[in-house]
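J.: need a 3D model of the sequence below.
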Amino acid sequence: MTAPQHRSTWPATTVVAHVVLALLTAIILAGVRHLGTDLWQIFAAAGAAVLLHVGAVVAHRRPWVGYAIGALAMLVLVTVPSMGWSPSMLPSAVCFPLALWRLTSLVSVSSSVVALAVAALGIVLTELVAWARLPPDTPGWTRLVEGGLLMLVVGGVWLAALLVRRRREADRRAESERLAAAVADERAGIRRDLHDVIAHTVTVMVARIEAAAVTTADPATSRELGDIAEAGRDAHQGLRAMLATLGPATGAPRADSRPREVPISLDALPDLVASAASPLHAVTFAEVGERRPLSLSAEVAAVRTVQEGITNALRHLEPPVEVTVRLRWTPAEVMVEVRDDGGKALRDVGSQGTGLIGIEERVRTAGGTLSIDDGDDGWALRARLPTKEEA
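T.: Numbers count the residues shown, from 1 in each chain. This is a model prediction of the structure:
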């Protein structure tokens, strides 16, 4: 049964339960009338039964009002003299613990404790009145047994409602946490995509414009290209500020999440390297060994490592710059290395980004390791990723 179907059965079930309890109550009242109970007592008990049903219905929307109506009805049943039956034995009296259940499931725990205390006080009052009306030949312990059983019933209803409520709250918290994790994962995916694709493209564009500005013979064109390059750097800084609003690049992609990017192939690396080259940026590519199959996550990590290494070299180093990209294959792994020569000097680009953190997450998720060597002759970014044979 689906959730909507399950909910749709509740109104019908409630109506049937009220009808059955009302019929049973009418039968019992007819029986006690036959035994000689006064008519006014029958009407009083019937009126109390009606109030019990009304209270149970009202409790679904206004729990305290419904519970108060039920408590008043039980008080009427207790104070009306009866012959040979306890007010709690009236079938319609079941509506009172139902109202208590509803109240406990909606109000605070402290308020539900007050409602439980009211029910317990009512049970004590009921048994005291019944004990005072006991025939001489009826032992008084029967009232203690009945009172104890009623306490167990009321306490059990209250405890069960409290447990169901806490489980429901735990489910809601778990669902909220799941949604929050999904939102965070989505934001992290957007952040990675923006950084890996757009930031790299902007960096390469600025580097090529700078190279054109240096190599052109026209001073006006050189100044114009310099202004364009500066605007590109400003755009890059704005992009980094926007990425910061999406949160830190922490937390690896979940195993059960679908890949956000279109599958990236190692065959795209030569074009990626060629697009970053310019007269002032010598970017070369070499591949050693027999290429082996990689998992999708490992292949994406390899391409993004190359992309991040080239981006960092072009962004942080003054040209001329030499960058070498190498892939070294063994049966067990591929080592992706991006090495630069240190360039002419280091640029002041402000605060450090989080691209390497994202690459480390990608490599770790793919089962590999990432290392960074920073020396006098430049720095090298190395990622070791397992092949499918090794995995």
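J.: which non-adjacent residue is nearest residue 122?
T.: residue 74 (5.6 Å; C-beta to C-beta, 6 or more residues apart in numbering). (C-beta placed from N, C-alpha, C; glycine too.)
J.: pretty sure the one you found sits against residue 48.
T.: Yes - judged on C-beta atoms under 8 Å, residue 74 makes contact with residue 48 at a distance of 7.4 Å.
J.: ok, back up a step: then the residue nearest to residue 122 would be within a helix, right?
T.: Yes - remark: residue 74 belongs to a helix, assigned using DSSP: H, G, I helix; E, B strand; the rest coil.
J.: so how far is residue 167 from it?
T.: According to C-beta to C-beta, to the nearest Å, residue 74 stands 29 Å off from residue 167.
J.: same question, residue 284
T.: Separation of residue 284 from residue 167 (C-beta to C-beta): 62 Å.
J.: could you do residue 274 as well?
T.: Between residue 274 and residue 167 the distance is 60 Å, computed by C-beta to C-beta.
J.: could you do residue 104 as well?
T.: According to C-beta to C-beta, residue 104 and residue 167 sit 13 Å apart.
J.: the more surrounded of these two?
T.: When neighbours are counted by other C-beta atoms under 10 Å, residue 104 and residue 167 differ, and residue 104 comes out ahead with 26 against 10.
J.: next up, the contacts around that one.
T.: If a contact means C-beta atoms under 8 Å, 6 or more residues apart in numbering, then residue 104 has 112, 115, 116, 157, 158, 161, 162, 165 as its contacts.
J.: walk me through the domains of this structure.
T.: Split into domains by automatic domain parsing, the chain comes to 3-138, 178-386.
J.: now distance to residue 171 too, for those, in CSV please.
T.: Compiled in CSV, those are given as follows (distance: least, C-beta to C-beta, whole Å):
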stretch, distance to residue 171
domain 3-138, 13
domain 178-386, 10
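J.: select from these the stretch with the lowest mean pLDDT.
T.: Lowest mean pLDDT of the domains of the chain: domain 178-386, a mean of 78.
J.: the contacts of residue 104 in helices, which ones?
T.: 112, 115, 116, 157, 158, 161, 162, 165 (DSSP state H).
J.: can you say which of the domains of the chain is nearest to residue 145?
T.: Using C-beta to C-beta as the measure, domain 3-138 is the one of the domains of the chain that comes nearest residue 145, at 9.7 Å.
J.: and the helices in this protein?
T.: For the chain, applying DSSP H gives helices covering 3-34, 39-58, 63-79, 95-106, 109-132, 141-193, 200-215, 219-245, 269-276, 296-316, 355-365.
J.: so for the second one, what gets flagged as buried?
T.: The neighbour-count check on helix 39-58 (16 or more other C-beta atoms under 10 Å) flags 41-42, 44-46, 48-49, 51-53, 55-58 as buried.
J.: got the contact list for stretch 287-294?
T.: Residues from elsewhere that reach stretch 287-294 (C-beta under 8 Å, 6+ apart): 266, 302, 326-331, 334, 385, 387-389.
J.: partner residues bridging residue 317?
T.: Beta bridges link residue 317 to residue 346, judged by DSSP bridges.
J.: burial measure for residue 146, as a count.
T.: Per other C-beta under 10 Å, the neighbour tally for residue 146 reads 18.
J.: repeat that for residue 266.
T.: By other C-beta under 10 Å, neighbour count at residue 266 equals 17.
J.: that one touches residue 302, doesn't it?
T.: Yes - contact between residue 266 and residue 302 holds when scored by C-beta under 8 Å: they sit 6.3 Å apart.
J.: any residues in contact with both of those two?
T.: Counting by C-beta under 8 Å, 6+ apart, the contacts common to residue 266 and residue 302 are 294, 327.
J.: ok, residue 114 to residue 301 distance?
T.: Applying C-beta to C-beta, the value for residue 114 to residue 301 is 60 Å.
J.: ok, residue 64 next?
T.: 59 Å.
J.: mind listing what residue 70 touches?
T.: Counting by C-beta under 8 Å, 6+ apart, residue 70 touches 51, 52, 55, 56, 59, 95, 96, 99, 100.
J.: need those in a markdown table (columns: distance to residue 319).
T.: Compiled in a markdown table, those are given as follows (distance: C-beta to C-beta, whole Å):
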| residue | distance to residue 319 |
| --- | --- |
| 51 | 89 |
| 52 | 88 |
| 55 | 84 |
| 56 | 82 |
| 59 | 77 |
| 95 | 85 |
| 96 | 85 |
| 99 | 80 |
| 100 | 79 |
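J.: taking those residues together, which two end up most distant?
T.: 51 and 100 (15.2 Å).
J.: now do the residue nearest to residue 229 when sequence neighbours are not counted: how many residues are near it, please.
T.: Spatial nearest neighbour of residue 229, excluding adjacent residues (C-beta to C-beta, 6+ apart): residue 209 at 4.4 Å. The burial count assigned to residue 209 is 21, neighbours taken as other C-beta under 10 Å.
J.: fine by me, we can end here.
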